[in-house]
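Q: need a structure here:
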Amino acid sequence: MKTRISSKGQITLPSEVRRKLNLLTGDELYVKAAGENSILLEVKKNKTNAQNKTTEAINASAGLWKNRKDFNDHTIREMRNADSKRLENLIHE
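A: Okay, the predicted model is just below:
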């Protein structure tokens, strides 16, 4: 993957990399020169175990209902109840 350095010396990590490494705003990256033409980025997560589980649950359900055409009040109520149960389980772990 290719990225460029901005005039402020910043780089943008491709979204595919951010998703694969589960990188979020606030995570720290340590940069090391590795030879003449390479760098290494080491990730330091700023999240607790509970936050990791919450993020995983959100990512797992992202876009799940995107293409459904059969929404009605009953379906929406069922989805909200299921979401509430998942949230309760995360809180009590």
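
Q: so Leu40 sits in a strand?
A: Yes: if the criterion is DSSP: H, G, I helix; E, B strand; the rest coil, then Leu40 is within a strand.

Q: Let me know the pLDDT of Asp73.
A: Asp73 is assigned a predicted lDDT (pLDDT) of 86.

Q: If you tally nearby residues, what's the number for it?
A: When neighbours are defined as other C-beta atoms under 10 Å, Asp73 has 7 of them. The way it works is simple: take the backbone N, C-alpha and C, and place the C-beta from them, glycine included.

Q: if I look at it, how far off is Asn89?
A: 25 Å (C-beta to C-beta, to the nearest Å).

Q: for Glu42, same thing?
A: Plainly put, Glu42 is 32 Å away from Asn89 if you go by C-beta to C-beta.

Q: same deal with Ser38?
A: Where Asn89 is concerned, Ser38 sits at a distance of 43 Å (C-beta to C-beta).

Q: more crowded one of the two?
A: Per other C-beta under 10 Å, whichever of Ser38 and Asn89 has more neighbours is Asn89, with 11 against 8.

Q: Look at Glu56 and report its pLDDT.
A: pLDDT, Glu56: 76.

Q: How about Asn49?
A: Looking at Asn49, its pLDDT stands at 63.

Q: please renumber so the chain begins at 39
A: With the count now opening at 39, the last piece we talked about shows up as Asn87.

Q: Does anything pack onto the helix or strand where His112 lies? Which helices or strands?
A: Secondary structure assigned from DSSP states H and E places His112 in helix 111-129. Under the contact definition 3 or more C-beta pairs under 8 Å, 6 or more residues apart in numbering; DSSP states H and E, helix 111-129 sits against helix 87-99.

Q: what angle do the helix it packs on and helix 111-129 make?
A: With axes from the mean of the first three to the mean of the last three C-alpha atoms, to 10 degrees as the criterion, the two stretches helix 87-99 and helix 111-129 enclose an angle of 150 degrees.

Q: Restrict helix 87-99 to CA atoms and write it as CSV.
A: What follows is helix 87-99 as a C-alpha-only set of coordinates in CSV (Å, rounded to 0.1, in the frame of the first residue of the first chain):
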residue,chain,number,x,y,z
ASN,A,87,-10.0,-5.2,27.8
ALA,A,88,-13.7,-4.1,28.1
GLN,A,89,-13.1,-1.4,25.4
ASN,A,90,-11.5,-4.0,23.2
LYS,A,91,-14.6,-6.3,23.5
THR,A,92,-16.9,-3.4,22.9
THR,A,93,-15.0,-2.4,19.8
GLU,A,94,-15.0,-6.0,18.5
ALA,A,95,-18.8,-6.2,19.1
ILE,A,96,-19.4,-3.0,17.2
ASN,A,97,-17.1,-3.9,14.3
ALA,A,98,-18.8,-7.3,14.1
SER,A,99,-22.2,-5.8,13.6
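
Q: Please consider this matter closed, and thank you.
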